[in-house]
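A.B. asks: need coordinates for the below:
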Amino acid sequence: MKIKPMNDRVLVLRVEQEQKTVGGLIIPDTAKEKPQEGKVMAVGTGKLGDDGKRTALEVKVGDRVLFSKYAGTEIKIDGVEHVFMKEDDILGVLE
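C.D. replies: Take a look at the predicted model:
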């Protein structure tokens, strides 16, 4: 399935984190929090300003980003969980 975000929306695939702690303990699925890091899979065309011009998004497809804990809307695409969010919910790009 192909999906294209609208305006200033971004589609992010969560990146799974390590299943073990530094000490070697395995964290069960019920105790894990959802990661706040992901890979940008698709971006919209940009935000429409009051003057009618589009402002391009700062993130691009392939960027690894950090986002706020309760950001966006979770959806499943072909059985894989993604998050739809506004660009404003992205805290930073990992380099």
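A.B. asks: switch to C-alpha atoms for all contacts and neighbour counts from now on
C.D. replies: Noted.
A.B. asks: can you pull the contacts of the residue sitting nearest the centre point of the chain?
C.D. replies: In the chain, the centroid-proximal residue (CA atoms, centre = their mean) is V12; its distance is 3.0 Å. Residues in contact with V12 (CA atoms under 8 Å, 6 or more residues apart in numbering) are G38, K39, V40, M41, A42, H82, V83, F84, M85.
A.B. asks: how about it, secondary structure?
C.D. replies: strand (DSSP: H, G, I helix; E, B strand; the rest coil).
A.B. asks: how far away is V93 from K39?
C.D. replies: 10 Å (CA to CA, to the nearest Å).
A.B. asks: overlap in contacts, those two.
C.D. replies: With CA under 8 Å, 6+ apart as the test, V93 and K39 both reach D63, R64, V65.
A.B. asks: what about these, which are in strands?
C.D. replies: In strands, defined here by DSSP state E, the members of these are R64, V65.
A.B. asks: want to try CSV for the shared contacts of V93 and K39, with distance to D50 as columns?
C.D. replies: Supplementary listing: these in CSV, determined by distance: CA to CA, whole Å:
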residue, distance to D50
D63, 28
R64, 30
V65, 28
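A.B. asks: possible to save the shared contacts of V93 and K39 as TSV with pLDDT?
C.D. replies: Formatted as TSV, the shared contacts of V93 and K39 follow (pLDDT from 0 to 100):
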residue	pLDDT
D63	93
R64	94
V65	94
